[in-house]
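coordinates only, sequence not included:
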């Protein structure tokens, strides 16, 4: 049996150690528990252990889970690829979208805004490894997309997200995390309206310490909390 409270405590300690090692404040790193494929009972156990932010990959899965978890005061992040025809339900289900990878998707999310003055925080997903099996914007296209997304009144561009190539040695992911940080600095220097590059969503269960050392403000941790997925 997976002991979720113990796992949460262990992950939080790993985050704290990585922050101390890199001279950062632990409160500046947000832990998003990736609960995709996990039952509602596991999410509730994580919540009871102190987690308040959860990430899902698919709109349909989140739509099925959310009614059973409506009593939780949680923040929900969409971290998986989003199809344009799912933009409206995504806007209704999620507080953050990490995976904006095209102008068309940004347009659909902007058009799907609820009757509220709140802007939807979004991150642009960058495909730094240029892997054909992964979504994301190419490095040379990211600045232009940021300029266009900045024009949507119902979206607020908060930063960038990356899923680098998988390496057994987490250190090999460091150049990708560093590159994302530099890209964010470049976009920030343009002083675009409604744009803040302060959020870097990078690092998962096997490499989030390295990501924190390179400036991650959001780490997406699933297996280290909930155990292996079915």
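Sure thing, it's come through. Here the structure is a predicted model, which is why all the values come from computation and not from measurement.

Figure out the length between the terminal residues of stretch 36-50.
Counting by CA to CA, to the nearest Å, you get 18 Å between the two ends of stretch 36-50.

Kindly report the same for stretch 193-210.
31 Å.

what does stretch 180-195 give?
16 Å.

Now do it: everything it contacts.
119, 126, 128, 139, 142-143, 146-147, 149-150, 152-153, 155-157, 159-160, 162, 196-197, 200, 202, 214-215 (CB atoms under 8 Å, 6 or more residues apart in numbering). (Glycine included, C-beta is placed from N, CA and C.)

same thing but at 7 Å, please
The contact list for stretch 180-195, computed with CB atoms under 7 Å, 6 or more residues apart in numbering, reads 126, 128, 139, 142-143, 146-147, 150, 156-157, 159-160, 162, 197, 200, 202, 214-215.

Ok, stretch 153-162 next?
Outside stretch 153-162, the residues that touch it by CB under 7 Å, 6+ apart are 98-99, 106, 109-110, 113, 119-126, 128, 146, 149-150, 176, 180, 183-184, 194-202.

Can you go through those residues and name the buried ones?
Buried members of these, counted by 16 or more other CB atoms under 10 Å: 98-99, 106, 109-110, 113, 119-126, 128, 146, 149-150, 176, 180, 183-184, 195, 197, 199-202.

Which ones among those lie within helices?
106, 109, 110, 146, 149, 176, 180, 183, 184 (DSSP state H).

quick one: contacts for the first one?
For residue 106, the contacting residues are 100, 149, 152, 155, by CB under 7 Å, 6+ apart.

related to what we said a few turns ago, closest to residue 74 out of the ones in helices among the buried ones among the contacts of stretch 153-162?
residue 109 (20.6 Å; CB to CB).
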